[in-house]
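A.B. asks: kindly generate the corresponding structure for this input.
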Amino acid sequence: MHVHRHIFIALALLGVSIGSVGCDESLTSITGPTPNLVPTFSSIQAEIFNNGDSSGRAACVQCHNAIGQLFNGLNLNANVSYNNLVNVASRFKAGAVRVIPGDPENSYLIHKLEGRAGIVGVRMPFSGPPYLTAGQILVIRKWIELGARND
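C.D. replies: This next block holds a predicted model:
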C-alpha cells in the first residue's frame, strides 16, 4: 500500500511536470540520469534498453538480447523489442502481459521495474541497484498510458 501511495504521488507530479514542460524543454527534472528520455518507444529503446545511464545502471540489452532470451525469455534488441513487449504474455508468469496498451498498472513490465510483490524472479535490472529511477519508470508508464505506440 505504501508503494502505491508513492506511485500515485509520483504520477501526479509527472502529470504536473509534463503539463508544464514546453515543446522545446526537456523532462530532465524527472528523468534524472537519462535527461533525453521522453514517453515514446524510440526514446525508451535508445535511453533505457540500449544504454546504461550516469547512475551506473546497465543497459537492458546486456542481458535481454538474442542469446540472453534463451535464459531470461526476452530480447530487447531494437529490431524485435516492440513485438516482444506489447500485448505479449510473460514467459515465466502465467496470466501476465508484458505491456498492455493504455494500462500501465497491469503491465508486467512495470511490475518488474518496480520490483512489486508477486513478480517471478527479481526486480529489473537484474544487476541493480541502481534500478530505474521513479522518474524513468513514470515516463515508461506514460508511454503505456498513451497507448504504447511504436513511435
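A.B. asks: correct me, but residue 42 touches residue 149?
C.D. replies: No - look at residue 42 against residue 149 with Cβ atoms under 8 Å: they stay out of range, at 10.0 Å. (Each C-beta comes from the backbone N, C-alpha and C, glycine too.)
A.B. asks: number of nearby residues for residue 64?
C.D. replies: If you count neighbours by other Cβ atoms under 10 Å, residue 64 ends up with 22.
A.B. asks: list the residues that contact it.
C.D. replies: Taking Cβ atoms under 8 Å, 6 or more residues apart in numbering as the criterion, residue 64 is in contact with 49, 72, 74, 75, 76, 77.
A.B. asks: 6 Å instead, please
C.D. replies: Residues near residue 64 by Cβ atoms under 6 Å, 6 or more residues apart in numbering: 74, 76.
A.B. asks: how close does it sit to residue 49?
C.D. replies: Distance from residue 64 to residue 49, counting by Cβ to Cβ, to the nearest Å: 7 Å.
A.B. asks: now do the shared contacts for those two.
C.D. replies: Common contacts of residue 64 and residue 49, defined by Cβ under 6 Å, 6+ apart, comprise residue 76.
A.B. asks: can you pull out the helices in the chain?
C.D. replies: Using DSSP state H, the helices of the chain run over residues 2-20, 28-31, 41-44, 69-72, 81-85, 108-114, 134-145.
A.B. asks: quick one: average confidence on the last one?
C.D. replies: Pointing back at helix 134-145 there. Averaging pLDDT along helix 134-145 gives 97.
A.B. asks: CA-only coordinates of it in PDB, if you can.
C.D. replies: Provided in PDB are the C-alpha atoms of helix 134-145 (Å, rounded to 0.1, in the frame of the first residue of the first chain):
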ATOM      1  CA  ALA A 134      10.900   6.700 -10.200                       C
ATOM      2  CA  GLY A 135      11.000   9.400 -12.900                       C
ATOM      3  CA  GLN A 136      12.300   7.000 -15.600                       C
ATOM      4  CA  ILE A 137       9.600   4.500 -14.700                       C
ATOM      5  CA  LEU A 138       7.000   7.300 -14.800                       C
ATOM      6  CA  VAL A 139       8.000   8.100 -18.400                       C
ATOM      7  CA  ILE A 140       7.600   4.400 -19.300                       C
ATOM      8  CA  ARG A 141       4.200   4.300 -17.600                       C
ATOM      9  CA  LYS A 142       3.200   7.400 -19.500                       C
ATOM     10  CA  TRP A 143       4.200   5.800 -22.800                       C
ATOM     11  CA  ILE A 144       2.000   2.800 -21.900                       C
ATOM     12  CA  GLU A 145      -0.800   5.000 -20.800                       C
END
